[in-house]
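structure for the following, please:
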Amino acid sequence: MPVLGFGLHIFVAILCAVHVLRTGQERWWLFVLFLFPLLGSIIYVLAVFLPEMSRSRGGRRVVRGLRDSLDPGRELREAEAEFEQLATIANRIRVADALHGVGRNEDAISAYREALHGVHSDDPDIQVKLARALLDQGEATAARELLESLISSRPDFKSPDGHLIYARALAACGERDKAREEFDALIGYYAGIEARVRYIEVLESWDENKAAVDLVAESLHHVKLMPAGSRRLNAEWIHELKRASARLAAANS
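Below is the predicted model of the structure:
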């Protein structure tokens with residue numbers, strides 16, 4: 001086991017060294033990494049890698065996901081503290097997002113509704129977030145009606161996430177044909193693979209295992225063609241896709 005542990009330290013240090021060379025960092029980092037593989041790697045990740053990732057949108061998502069997995073309540077605490085200092089709509093929405101993130105959907109619904117006032121009374125992005133919280137709270141009909149009202153009042157508004165929520169709401173309301181139409185459209189353009197995994201789950205709930213298996217196979221092939229960065233950003237949904245694959249394989253054995 002010590003040999004394996006030592007090898008792992010070296011492997012991590014090599015990965016950091018590759019990052020040093022590819023991103024043009026100071027070369028003395030190589031000396032630190034190979035002289036002190038474990039400590040040097042930790043310092044490099046904290047001092048260079050994570051701050052660099054936090055400057056990109058995708059990197060911020062990865063860092064935020066890692067932070068939230070280590071301390072799930074941290075974002076909510078910080079959001080509430082920020083809102084107490086400055087009660088802006090943006091800070092209220094951040095609180096609502098954090099409430100939804102920890103599964104407090106009913107509280108999130110109230111917070112989103114409170115944000116829909118004044119100049120933001122018809123804000124489409126807030127309405128999409130509210131529809132998501134309603135759906136996750138089990139209020140599929142309310143989510144569907146809200147989004148259909150938004151579609152009617154703002155036909156020019158485009159939101160892939162809103163589209164996915166609408167398709168899920170239709171499925172939850174038992175509107176199979178409409179839901180199928182929306183999901184088929186979604187998987188043709190949705191950036192990540194969440195839409196595919198959601199559709200697979202819906203197909204399973206409809207006992208359409210053959211269609212689900214076909215979509216799993218096509219989606220796994222799609223994942224293989226994704227850039228490494230995209231696979232990292234979709235790690236959670238790739239994991240769910242593989243679980244669905246195993247689940248369907250067991251059901252059909």
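
contacting residues for residue 205?
residue 171 (Cβ atoms under 8 Å, 6 or more residues apart in numbering). Heads up, the C-betas are built off the backbone N, CA and C, glycines and all.

same question for residue 185.
By Cβ under 8 Å, 6+ apart, the contact set of residue 185 is residue 163.

what strand or helix carries it?
According to DSSP states H and E, residue 185 maps onto helix 176-186.

list the buried ones in that helix?
179, 180, 182, 183, 186 (16 or more other Cβ atoms under 10 Å).

repeat that for stretch 22-38.
25, 29, 30, 32, 33, 37.

among these, which one sits closest to residue 10?
Residue 10 has its nearest neighbour among these in residue 37, at 5.4 Å by Cβ to Cβ.

now tell me which helix or strand of the protein has the poorest mean pLDDT.
Lowest by mean pLDDT, DSSP states H and E among the helices and strands of the chain is helix 57-70, with a mean of 54.

looking at this structure, which residue ends up farthest from its center?
The C-alpha centroid of the chain is most remote from residue 35, which lies 37.5 Å away (Cα atoms, centre = their mean).

what ranges does the stretch 151-253 of the chain have for its strands?
Assigned strands in the stretch 151-253 of the chain: none (criterion: DSSP state E, counting those that start in this stretch).

low-confidence stretches in it?
Scanning the stretch 151-253 of the chain for pLDDT under 70 picks out nothing.

quick one: the helices in it?
Using DSSP state H, counting those that start in this stretch, the helices of the stretch 151-253 of the chain run over 160-172, 176-186, 194-205, 209-225, 228-233, 235-251.

so can I have a markdown table of those showing distance to residue 108?
As requested, these are exported to a markdown table (distance: least, Cβ to Cβ, whole Å):
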| stretch | distance to residue 108 |
| --- | --- |
| helix 160-172 | 14 |
| helix 176-186 | 24 |
| helix 194-205 | 19 |
| helix 209-225 | 29 |
| helix 228-233 | 23 |
| helix 235-251 | 20 |
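
so which of those helices is nearest residue 112?
helix 160-172 (12.9 Å).

list the buried ones in the closest one?
For helix 160-172, the neighbour count (16+ other Cβ under 10 Å) marks 161, 162, 163, 164, 165, 166, 167, 168, 169, 170, 171, 172 as buried.

got it, and stretch 184-198?
Residues 186, 187, 190, 192, 193, 194, 195, 196, 197, 198 are the ones in stretch 184-198 that count as buried (16+ other Cβ under 10 Å).

hang on, the earlier thing: what's the closest of the buried residues of stretch 22-38 to residue 85?
The closest of those to residue 85 turns out to be residue 25 (Cβ to Cβ; 36.4 Å).

pull up the distance across stretch 154-166, start to finish.
Terminal residues of stretch 154-166 are spaced 15 Å apart (Cα to Cα, to the nearest Å).

and that stretch, how far from the chain's centre?
Centre-to-centre, stretch 154-166 and its host chain are 17 Å apart (Cα atoms, centre = their mean, to the nearest Å).
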